[in-house]
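Colleague: Please work out how this folds:
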Amino acid sequence: MAPVPPEDNCPVCQSTLSQITDGSEGAKESHVQTCIESHLSAPPTHSALAAMSERAKTPLRASKISQNLQTRESADEAESCPICHTSYLTDYFDGNDAAREAHFTACFESQSPGSQFAPPPGSPPSYNRAAILDDKAMFPKAVFPSAKEVAPKSGPTPSRSAAIRVPPPAPTDTPSGGFRRMSIFGFGSGKSKEEKIEGKVTKADGLMRQRWGPPGSPISEMVRRYWMATRMEQHWEYLRGQHPRQFKKYLDKGYMEPIPTSWVQNRQLAYLYPEPSNWETPAEKRLYYLLNNGVMPDGSMHPIMRPLNINRDMYTIIRRGNERNARQVHLDAQRLAQYQSPGDVFQSDKQIKSHRYSDQVPNTVYEARTAALHVLAEGLLHGTDHLETMLLIDVSGSMTWNPHGGMVGPDGIRRFHDQPSNIRLVEHLVHRVLHHMTPRQQKEHPDQLGIDTVTFSTFGKYVGQISAKHFTSDWKRQVKLGGGTQVMQGWQTVKATYFKHQHENYGHGRWDPVFGWQATPEMPKLSLLVFLDGEATDMDEFELELLGETWAYVTIVLVGMENCPHHHSHAIELERIAKFNPHVGFFDVHGRVCERMVVEDILSSVYPVDPPAYSEILKPEYDLPPEELPTYSAW
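Modeller: Down below sits the predicted model:
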């Protein structure tokens, strides 16, 4: 006798369907449904429950379905899988309806090779950071979930594939109709994978409409621009279609939106987490989520990054800083001979013993930054774009520390440095750049005398325009030193000053009551030059804010101490954000600096068109006279 094909057997009672029915697909499916209902309807007896409780003490295993189900008690069937008869009273299933249903579904599909709901062959898609899902896949613009989402679950709950280990049957040519998916508690919805995804998307769209308004509304469009600026669009679309709970979680926490102005004012993202936490602040947690789930400017994925905490990772921070410090090289002797100046600040400081320029770590201008400046330059040359400039200067107490008196780092070690204080170096650099920036600004605004400047410490302050012509009086009158270092306070002041000027005079910009000023398409770009010493307590929040601001091109100059591992650890953080964000350029200067070389480098980043030429940089009248150097104190 020829063997009966497996698809002709009832997956519950194992009877031959063609013999007990008329052979039609409808009759076979009706028999299977009736068979399942009959095995689920009988109440359990005390003896059956005791027997199943005894079986629950043994490890979970897949039982072979007996050919004669008549010998089993109907009460035993009520608390066990009707297909493989694994007991639901084990620790894996007891009281867990979801685990029972998942086990039954997997078991039923494994016994129904022709079912249209059977999972496709092969393992489920894994988290592959080397590529992005094909745009022609089931859900467009999908990317892979974060590492947390795909981490293996701990505990006794088995996965769907581990619930029962039945070898998958050979593929057959079963008609596409197949048997409908059923639940141990009744008939299932019978929805296909496409229908389920569509339902999740509809639910997520309802949440977005409720929070941001209908598509096309100002807030909705602003959020979409933020997704594109942070390059998180594919990740949010993936969660929207595949993981609605995670989508709602990050939606409610504001990860998908720009930072509200009230969060900056009350420092909601800057408060410190308890010491055992993996994150130092909420801003750090949010920043690293975007960095680890977004894509690089070239569309690639980078290895997972984690922040380093000085209390937990002090030795790693010191080692990493020393490794960067070891990359220092001598300045090019021929170029140094052309650019060195007797007006360099350390040359006139009587406390400084060495008159040799400090070695520097070569600054890297990343390819994405170069491409972004090239696009901006094309717009400026063709008249489709316009550029404004501003200064943002750190005037906190740490800028005034005397390197010759020694400075204690977070590791508790006091280090002595033979160089001027940071604020004196910044004063000389600002004096030099103003001689180049002011004439370029006057080409568009002939009546402008200087450059709009904002200082920051504990608070941000707009100090007006500082000019090269009246630099000494402007600097002494406007620059007040002391306080903490909160760069976000200065950044918010820059935004408010710039947008108010553009809105009042030219009608650019739009005010949002929650997220503050938002750029309009016709608004000129802002090229912002920032001087700081890396001690900002809200640096993660500042880096997070810059990710979504495509209207601003920021050049950050980090000044610091020579051969200091803590300075280099700050430089590593800023290098990271410059590599990820093409709107940020980073330059590291420390120790005894050749100021003309630094000015030429940073102004080539501030001005993608018409940067100062060599002959302009070397003008001796741009040196600040030594006798005008003040003695600074933070108090």
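
Colleague: State the mean pLDDT of stretch 498-508.
Modeller: On average, the pLDDT along stretch 498-508 is 95.

Colleague: let me fix that: stretch 538-550
Modeller: Here the average pLDDT along stretch 538-550 is 93.

Colleague: in that stretch, what's buried?
Modeller: Residues of stretch 538-550 classed as buried by neighbour count (16 or more other CB atoms under 10 Å): 538-550. In short, each C-beta sits where N, CA and C put it, glycine included.

Colleague: what kind of secondary structure is A270 in?
Modeller: What DSSP: H, G, I helix; E, B strand; the rest coil gives for A270 is coil.

Colleague: Can you tell me how far the closest residue to it other than its chain neighbours is from P214?
Modeller: In this structure, A270 finds its nearest non-sequential neighbour in D538, 4.7 Å apart by CB to CB, 6 or more residues apart in numbering. Noted for D538: a distance of 35 Å to P214, by CB to CB, to the nearest Å.

Colleague: Same check on A283?
Modeller: A283 is 31 Å from P214, where distance means CB to CB.

Colleague: same check, this time on I36
Modeller: From I36 to P214 the distance is 45 Å (CB to CB).

Colleague: okay, these two: which has more neighbours?
Modeller: Neighbour totals were compared for I36 and P214, and I36 leads with 23 against 10 (other CB atoms under 10 Å).

Colleague: Can you tell me the SS state at the more buried one?
Modeller: Going by three-state DSSP, the secondary structure assigned to I36 is helix.

Colleague: lowest-pLDDT helix or strand in this structure?
Modeller: helix 147-150 (a mean of 39; mean pLDDT, DSSP states H and E).

Colleague: Just the CA atoms of stretch 453-460, as PDB, please.
Modeller: Provided in PDB are the C-alpha atoms of stretch 453-460 (Å, rounded to 0.1, in the frame of the first residue of the first chain):
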ATOM      1  CA  THR A 453      29.100  88.100  19.600                       C
ATOM      2  CA  VAL A 454      27.600  85.900  22.400                       C
ATOM      3  CA  THR A 455      29.400  84.900  25.500                       C
ATOM      4  CA  PHE A 456      28.400  82.000  27.800                       C
ATOM      5  CA  SER A 457      29.200  80.700  31.200                       C
ATOM      6  CA  THR A 458      26.300  79.800  33.500                       C
ATOM      7  CA  PHE A 459      24.100  82.000  31.300                       C
ATOM      8  CA  GLY A 460      24.300  83.200  27.700                       C
END
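
Colleague: Show me the residue at the heart of the chain, geometrically.
Modeller: In the chain, the C-alpha nearest the mean C-alpha coordinate belongs to L290, at 1.0 Å (CA atoms, centre = their mean).

Colleague: check which helix or strand covers that one.
Modeller: Per DSSP states H and E, L290 falls inside helix 282-293.

Colleague: Quick one: residues in contact with the following helix or strand past that helix.
Modeller: For helix 282-293, the following helix or strand on the C-terminal side (DSSP H and E) is helix 314-325. Contact partners of helix 314-325, identified using CB atoms under 8 Å, 6 or more residues apart in numbering, comprise 308, 310, 361, 410-411, 563-569, 571-572.

Colleague: Would you mind listing the outside residues contacting the helix or strand just after helix 314-325?
Modeller: Proceeding N to C from helix 314-325, the next assigned helix or strand is helix 333-339, under DSSP H and E. Outside helix 333-339, the residues that touch it by CB under 8 Å, 6+ apart are Y357, C594, R596, M597, E600, Y614, I617, L618.

Colleague: now do 6 Å
Modeller: Identification of contacts with helix 333-339 by CB atoms under 6 Å, 6 or more residues apart in numbering yields C594, R596, M597.

Colleague: Which of these sits closest to G23?
Modeller: Closest to G23 out of those is M597 (89.6 Å), distances taken as CB to CB.

Colleague: Identify the residue spatially nearest to E562, adjacent ones excluded.
Modeller: G591 (3.2 Å).

Colleague: What separation is there between the one you found and H566?
Modeller: From G591 to H566 the distance is 14 Å (CB to CB).

Colleague: Please enumerate the helices of the stretch 451-600 of the chain.
Modeller: Secondary structure of the stretch 451-600 of the chain by DSSP state H, counting those that start in this stretch: the helices cover 471-478, 487-506, 539-547, 565-580, 595-606.

Colleague: Of all the ones you listed, which one is nearest R224?
Modeller: Using CB to CB, those put helix 539-547 closest to R224, at 15.0 Å.
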